[in-house]
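Novice: turn this into a structure:
(chains A and B)
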Amino acid sequence: MNTFQITFWFLSALAVFSSLMVITRKNPVYSVLFLIITFFAISGHYILMNAQFLAIVNIIVYAGAIMVLFLFVLMLMNLNKESEQQKNKYLLWSSGIAGGMLMIVLIAALDTPDPAIITKPGTGEIGLIKNLGTKLFTDYVVPFEISSILFLSAMVGAVVIGKKGD
Amino acid sequence: MPISYYIFLAVIIFSIGVTGVLTRRNSIIVFMCIELMLNAVNLLLVAFSKMHHQRMLVLDSANITAGTEGQLFVFFIMVVAAAEVSVGLAIIVLMYRNVHSVDINFLNRLKN
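Specialist: Purely as a prediction, here's the structure:
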C-alpha cells in the first residue's frame, strides 16, 4: 500500500463519514460544518487526480462562498431553539431503505469487472490551470460569457426576491 | 486506483444525498443534500476525464489534452450551482419571513 492508496482510502472514509453526519445531525449548523469537511475531502480527491484548478475552485467556491452563505442564512434564522419536527417513523425508515436500495442497484449496475481501467494518481497535465484556461478561452468562450449573464440574472433575482417591503 | 472505486464512492455519496432529501424536513438541509449530490457527480466526472485522458494517451501519445472537456464541465456545474444556491437561499429566506419556518411541509400550501 503506497501513499496514494492510503490517502485515497482516508479521503474516501472522511467523505462518506462526514456526508453521513450531514444528514443525521439535528443541529443544522453542525450539518453545514460537516458538509465543509466533505467538500475538503472531495478537493483532496481532485488533487490526487492532479486536477489542481478544480480543487482550488472547489475550496474557494463551495467551502468558501456557498457554505458561508448557508451559515449566514442559518444564523439569521436562529433555528436552534425549535428543534426540527420529526417525520413519521415508518416514513423515515422507508426513505432510508429507498436510499439504500438506490445505492445497491447503482453499485450492482455500474460494477465494472475490468480492473485494468485505472486512474493513475499524480500524472497528467490536463487539470492544470494553463491547459484549462487555454481551452476555456478558445473553444468554450461563449458558454463562459453566457455563464456571466447567468450570474447577473441570479444576482438580480436574489436581490429582487430578498428585498423587504411591498 | 481502479475506476470502479471512484464510481462506488460517488454512488455512495450520491445515495446519502438522496436519503437526506427524503428524510429531512428542514429545507436548508434538503438544499445542502442537493449540493452533496452535485459534488458526487463532479467527482465522478473528474475521475472519468482522468480515465479518458490516460486511455487516449495510450492510443495517441500526441493528444495530450484529451479529457479536458470533462473538467470544464465540472467548472460549469460549479458556476450553475453557485447561481442556484443564491436564488434558492433567497427563496428560503422569503419563505421564512412569511411563515416563520423552513419546514418543507409548509411549501405544499404555496398557492394560498
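
Novice: please identify which helix or strand holds B:Tyr5.
Specialist: Following DSSP states H and E, one finds B:Tyr5 within helix B:3-23.

Novice: and residue 102, how many neighbours?
Specialist: Just so you know, I chose chain A. One way to gauge burial is a neighbour count; for A:Leu102, by other Cβ atoms under 10 Å in any protein chain shown, it gives 16. Just so you know, the C-beta spots here come from the backbone N, C-alpha and C atoms, and that holds for glycine as well.

Novice: sorry, I should have been clearer: chain B.
Specialist: Neighbour count for B:Val102, taken as other Cβ under 10 Å: 24.

Novice: please report phi then psi for it.
Specialist: In this entry, B:Val102 is assigned phi and psi values of phi -110, psi 20 (degrees, to the nearest 10).

Novice: ranges for the strands of chain A?
Specialist: In chain A, no strands are defined using DSSP state E.

Novice: spatially central, which residue of chain A would that be?
Specialist: Nearest to the mean C-alpha position of chain A, by Cα atoms, centre = their mean, lies A:Phe39 at 5.3 Å.

Novice: that one and B:Ala83, how far apart?
Specialist: 18 Å (Cβ to Cβ, to the nearest Å).

Novice: again with B:Ala90
Specialist: Using Cβ to Cβ, B:Ala90 is found at 11 Å from B:Ala83.

Novice: same check on A:Ile129?
Specialist: With distances defined as Cβ to Cβ, the gap from A:Ile129 to B:Ala83 amounts to 23 Å.

Novice: same check on A:Thr134?
Specialist: Applying Cβ to Cβ to A:Thr134 and B:Ala83 gives a distance of 25 Å.

Novice: the two: who's more crowded?
Specialist: Counted by other Cβ under 10 Å, A:Thr134 and B:Ala83 do not tie: B:Ala83 has more neighbours, with 19 against 12.
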